[in-house]
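1. Pasting the sequence and the predicted model now:
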Amino acid sequence: MRARRFEWEGAAATAAALRAWAAETAPPVDVSAIGEEVRDQGDEAVLRLTAKFDAPGVTLESLRVDPADADAALAVTEPRLRAALDVAAANIRRVAEGILGAEREIELPAGQKVLSREVPVGAAGIYAPGGRAAYPSSVLMCAIPAQVAGVERIALASPPGGDGRLHPLILAAAALCGVEEIYAMGGAQAIFALAYGTDTVPAVDVIAGPGNAWVREAKRAVSGTVGIDSLAGPSELMLIAGHDTDPEWAALDLCAQAEHGPESPLVVAAVEEQVLDAIAEAAEGAAASRPSVADASLALVRVRDVEAAIDLANAYAPEHLELLETDAALMSARVKTAGCVFVGRYGATAFGDYVSGSNHVLPTGGAGRYAGPLGPGAFRRRISSVEITEAAAAELAPHADVLARAEGFPVHGESAMIRQ
C-alpha cells in the first residue's frame, strides 16, 4: 500500500487534501465518441464495442441472453453459495420494504387538499460490473429495490467474459431475483444502449448500479435523458480508530476495500500516533501476503480528538465509514454525510457489501453530502394531486391573480378568477 501522512489542517482543509490526493490516480475518461456510436448505430455499435472491450476476438450473435441460461446457472450454483445469496436477497428485500415511501394527504387552511403519492417508473436498467470478478451481489442490490418499488420492467446489463457469455453467478443472481431481460453488454456502451434504446434493447427510465470510470461518465452523459442513481466512483473506506482498535482487524478491513482496485482511497484517522503506526504496519503486512489486494492509497491522519475525527468524516463524506472507537454508537449520531456507517468493532464494511441488508451502491467522491444509498426511492417518483373545492377557489383566486399579473401572466390570473 502507498501510505502517506497528512497533517491536521482543520476538517475542511484536510478533507480537501485527501480528495486531491485520491484524484491524482484517476485517469481522464471521455465517453462522448461511444455515446455517438450507440445513438447512431444502435445494436451494431453495442455488439462491436462489447466484443472489443469485454470479449476480444469473440463474435457476439445477440445482446439478449436467454432467461433459461439464468435458470440453469442458478440450478447448479454450489449449495453454500446459493444459501448465501438467499440470505443476502432476503435481508436486502426486508430493508428495501422497510424504507419504502408512503402516500400523504395534506389539508390546507383554505380547504384545498394536496395528495402526494409515489409511483414506480416504468422501466429500470441495472448494471452489474465485470472485469476483476463477477458481482452477483450488485444484481441483488439493484434488482430487489427496483422490484420492491414496483417497477414492472427490469433490464440487466453486464459485460460478457472472454467466451462471450455472462458469468454464471450473474445469471444465477438474475434468476434468483426473477429478472428475465438480460443483456450481454458492458461499459459505457451498455449505459448508452439502456438510455437511448436500440433495436434489441428498449430504452429505460432509470439506470442504477456501480461501475468503472467509463460507466460513471456514461451515466453522467445520459443524466437528464434518464434518471440515474448516482455517479459512483472508486470504492472508499474511512476508518476512525481508537486506542483499543485491533490493528489486524482494521488492516483486513482496509485490504478488503483495496481489493476493488488501486483507485480505492483508504483513510485512517486516530488520536494516538501509535494507533496509526500499528494499523499502517499491519495493513502493509496483510497486503503483501494477499495477491488480490491492489496497491491502494492509504492516508493516515492524526486528529486532536474524536470530535475532530467526526468533523473530518463529515467534511470528507466517505462512501464507507467504520467507527472502531469504544463509544461508536454515540459517535454515529454525529455522522451526517457518509454513505454507510458501520458502528463498533464488529461492523466490517464487508457485511454491508453482501449480507447485512443495507445497500452497497453508495455515494462516492464526496457525494454523500447530498446523496444516500440506493433504495426503492431511486425507482419511484412523486406525483401531486391537487383538489380545489369551490370555497378554496374563491379564497385563493385573488391571491393567484395578483401573483400572476406581477409575473406578467395575466391569463393565469383570469384562469383562477373565473372560478370564483
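-> Received the coordinates, thanks.
2. what does the domain assignment say about the chain?
-> 2-26+234-356, 32-232, 388-417 (automatic domain parsing).
3. how about those domains in a markdown table, adding distance to Leu362, mean neighbour count and mean pLDDT?
-> To be clear about C-beta, it is placed using only N, CA and C from the backbone, and glycine gets the same treatment. As requested, these are exported to a markdown table (distance: least, Cβ to Cβ, whole Å; neighbours: other Cβ atoms under 10 Å; pLDDT from 0 to 100):
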| stretch | distance to Leu362 | mean neighbour count | mean pLDDT |
| --- | --- | --- | --- |
| domain 2-26+234-356 | 3 | 19 | 94 |
| domain 32-232 | 7 | 19 | 94 |
| domain 388-417 | 41 | 14 | 96 |
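4. if we compare those domains, which one ends up closest to Arg381?
-> Nearest to Arg381 among those is domain 32-232 (6.3 Å), distances taken as Cβ to Cβ.
5. so how far is the closest one off the chain centroid?
-> The chain centre lies 12 Å from the centre of domain 32-232; the measure is Cα atoms, centre = their mean, to the nearest Å.
6. okay, how far is it across that domain, tip to tip?
-> 19 Å (Cα to Cα, to the nearest Å).
7. Tell me who's in contact with Arg419.
-> By Cβ atoms under 8 Å, 6 or more residues apart in numbering, Arg419 lies in contact with Ile388, Glu390, Ala393, Ala394, Ala397.
8. Oh, that last question was meant for Ala270, not what I typed.
-> Here Ala270 is in contact with Ile240, Ala241, Gly242, Thr245, Leu276, Ile279, Val301, Arg302, Val303, Ala309 (Cβ under 8 Å, 6+ apart).
9. List the ones among these that fall in helices.
-> Leu276, Ile279, Ala309 (DSSP state H).
10. Next one: the last one from Pro318, what distance?
-> Spelled out, it's Ala309. Ala309 is 12 Å from Pro318, where distance means Cβ to Cβ, to the nearest Å.
11. swap in the second one?
-> Here Ile279 is placed at a distance of 16 Å from Pro318 (Cβ to Cβ).
12. which residue ranges form the helices in the stretch 251-400 of the chain?
-> Taking DSSP state H, counting those that start in this stretch as the criterion, the stretch 251-400 of the chain contains helices spanning 273-288, 306-316, 328-332, 349-354, 390-406.
13. mind putting the ones you listed in TSV, distance to Ile34 included?
-> Listed next are these as TSV, based on distance: least, Cβ to Cβ, whole Å:
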stretch	distance to Ile34
helix 273-288	34
helix 306-316	32
helix 328-332	41
helix 349-354	29
helix 390-406	46
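14. which residue packs closest to Ala251, ignoring adjacent ones?
-> Excluding the flanking residues, the one nearest Ala251 by Cβ to Cβ, 6 or more residues apart in numbering is Ala282, at 3.7 Å.
15. typo on my end, it should be Ala96
-> In space, Ala96 is closest to Val148, 4.1 Å off (Cβ to Cβ, 6+ apart).
16. For the nearest residue to Gly344 once chain neighbours are set aside, list the residues it contacts.
-> Nearest non-adjacent residue to Gly344, counting by Cβ to Cβ, 6+ apart: Ala328, 4.6 Å away. Ala328 makes contact with Val343, Gly344, Arg345, Gly347, according to Cβ under 8 Å, 6+ apart.
17. how much space between Ala328 and Ala90?
-> Taken as Cβ to Cβ, the span from Ala328 to Ala90 is 27 Å.
18. hang on, the earlier thing: output the domains of the chain in CSV; the columns should cover distance to Gly377.
-> Output for those, formatted as CSV (distance: least, Cβ to Cβ, whole Å):
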stretch, distance to Gly377
domain 2-26+234-356, 15
domain 32-232, 6
domain 388-417, 28
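19. Of all those domains, which one is nearest Leu374?
-> domain 32-232 (5.1 Å).
20. Work out which residue lies at the spatial centre of the protein.
-> Val361 (2.9 Å; Cα atoms, centre = their mean).
21. Which pLDDT value goes with that one?
-> The score at Val361 is 93. That number is its pLDDT.
22. quick one, what contacts the residue lying closest to it once chain neighbours are set aside?
-> Computed as Cβ to Cβ, 6+ apart, the closest residue to Val361 that is not its neighbour in sequence is Leu374, at 3.7 Å. By Cβ under 8 Å, 6+ apart, the contact set of Leu374 is Met141, Cys142, Pro145, Ala208, Asp229, Ser230, Asn359, Val361, Leu362.
23. Check Arg334 too.
-> Glu307, Ile310, Asn314.
24. What distance do you get for the last one to Tyr370?
-> Spelled out, it's Asn314. 13 Å.
25. Kindly report the same for the first one.
-> As defined by Cβ to Cβ, Glu307 lies at a distance of 24 Å from Tyr370.
26. Ok, Pro159 next?
-> In terms of Cβ to Cβ, Pro159 sits 30 Å off from Tyr370.
27. Check Val65 too.
-> 36 Å.
28. and the contacts of Ala328, which two are the farthest apart?
-> Between any two of these (Cβ to Cβ), the greatest distance is 9.4 Å, for Val343 and Arg345.
29. State whether Pro210 is indeed within a strand.
-> No. Counting by DSSP: H, G, I helix; E, B strand; the rest coil, Pro210 is not part of a strand but coil.
30. Now it: closest residue in space that isn't a chain neighbour?
-> Ala232 (5.0 Å).
31. how about the one you found, what does it touch?
-> Counting by Cβ under 8 Å, 6+ apart, Ala232 has contacts Pro210, Gly211, Arg216, Val361, Leu362, Pro363, Thr364.
32. can I get these in a markdown table with distance to Arg117?
-> Formatted as a markdown table, those follow (distance: Cβ to Cβ, whole Å):
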| residue | distance to Arg117 |
| --- | --- |
| Pro210 | 30 |
| Gly211 | 32 |
| Arg216 | 32 |
| Val361 | 25 |
| Leu362 | 27 |
| Pro363 | 26 |
| Thr364 | 32 |
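33. List just the nearest of those to Thr50.
-> Gly211 (13.9 Å).
34. What's the biggest helix in the protein, counting residues?
-> helix 79-98.
35. Tell me which other helices or strands that one touches.
-> Packing contacts for helix 79-98, counted by 3 or more Cβ pairs under 8 Å, 6 or more residues apart in numbering; DSSP states H and E, involve helix 136-149, helix 168-177.
36. Next, the angle from the first one to helix 168-177.
-> So the one you mean is helix 136-149. 20 degrees (axes from the mean of the first three to the mean of the last three Cα atoms, to 10 degrees).
37. What is the subsequent helix or strand relative to helix 136-149?
-> strand 153-158 (DSSP states H and E).
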